[in-house]
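>>> Dropping a prediction and its sequence here:
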Amino acid sequence: MAQAVAAATQRSFRFTWRLIALVAVVVVLFISYASSLRVYFNQQSQLAATRAEITDNQQTISDLQDELMRWQDPAYVMAQARARLGWVVPGEVGFQVIGPDGKPLSPAANIDASGSEPAADGQQRWWDRLLGSAAAADNPAPVDQPTPSDEPTITVDTTPTAPPSPSDSPTDSPT
């Protein structure tokens, strides 16, 4: 029986050495493949980034080619000369908008229509006057109506009278 126990111990011991050797080989293979896989995944991400950059560059090239084709059109060149340089065609009247600082505004300048600038010298803005006139139309001021006794009665026999002449009116100058 001692031999059987010794044989079983030897078998399990040999099995353990084989298992340790197998685990060691698997670990070495995993480490070598892991570094290779890391390099592979880094290269794949770089490849995807490069492909995206190539797509962006191709789009930029396409946009620049479209712009180049637009510059080949004389009408586009004329429109750009008008917008950027303020050129006018003979027979047209050119004008420039002068800003509040007294300097001409550029053609690309946006005029601020937000109403943030206060009205100068107590003057109302046009939209304030418009709203005021709409409010006044809703609530008109009472008008003094002339009484019938103040006006002469017009009949068929009434003859028109001439308005008083300026020479008939009293003057303030000493005589």
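Alright, I've got the coordinates. Residues are numbered from 1 along each chain as shown.

>>> Just give me the neighbour total for residue 88.
A total of 12 residues lie near residue 88 under the criterion other C-beta atoms under 10 Å. Yep, even glycine has a C-beta here, placed from its N, CA and C like the rest.

>>> For it, pull up the helix or strand it's in.
Taking DSSP states H and E as the definition, residue 88 sits outside all helices and strands.

>>> leaving aside the residues next to it on the chain, what's closest to it?
Leaving aside its chain neighbours, residue 88 sits nearest to residue 94 (4.1 Å; criterion: C-beta to C-beta, 6 or more residues apart in numbering).

>>> Tell me, how many residues neighbour that neighbour?
Once other C-beta under 10 Å is used to define contacts, residue 94 is seen to have 9 neighbours.

>>> where does it land in three-state SS?
What DSSP: H, G, I helix; E, B strand; the rest coil gives for residue 94 is coil.

>>> And the pLDDT for it?
In this prediction, residue 94 carries a pLDDT score of 82.

>>> backbone phi and psi for it, please?
Summarising the backbone geometry of residue 94 under the convention degrees, to the nearest 10, its torsions are phi -90, psi 150.

>>> need the longest helix for this structure.
As assigned by DSSP state H, the longest helix anywhere in the chain is helix 2-71.

>>> C-terminal to that helix, what's the next element?
Using DSSP H and E, the helix or strand that directly follows helix 2-71 along the chain is helix 74-80.

>>> Convert that next one to CSV, retaining C-alpha atoms only.
This file holds the C-alpha atoms of helix 74-80, laid out as CSV (Å, rounded to 0.1, in the frame of the first residue of the first chain):
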residue,chain,number,x,y,z
PRO,A,74,-16.9,87.4,-63.8
ALA,A,75,-20.2,88.0,-62.1
TYR,A,76,-18.8,86.6,-58.8
VAL,A,77,-15.7,88.7,-59.1
MET,A,78,-17.8,91.8,-59.7
ALA,A,79,-20.0,91.0,-56.7
GLN,A,80,-16.9,90.5,-54.5
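
>>> contacting residues around that helix?
Among residues not part of helix 74-80, those counted as contacts by C-beta atoms under 8 Å, 6 or more residues apart in numbering are 70-71, 89.

>>> Looking at those residues, spot the one nearest residue 132.
Here the nearest of the contacts of helix 74-80 to residue 132, counting by C-beta to C-beta, is residue 89; it sits at 43.2 Å.

>>> Residue 86 - how many residues pack around it?
Here the number of neighbours of residue 86 (other C-beta under 10 Å) works out to 13.

>>> repeat for residue 20
The number of residues packed around residue 20, counting by other C-beta under 10 Å, is 10.

>>> If I look at it, what pLDDT would I see?
In this prediction, residue 20 carries a pLDDT score of 88.

>>> try residue 67
Residue 67 carries a pLDDT score of 95 in this model.
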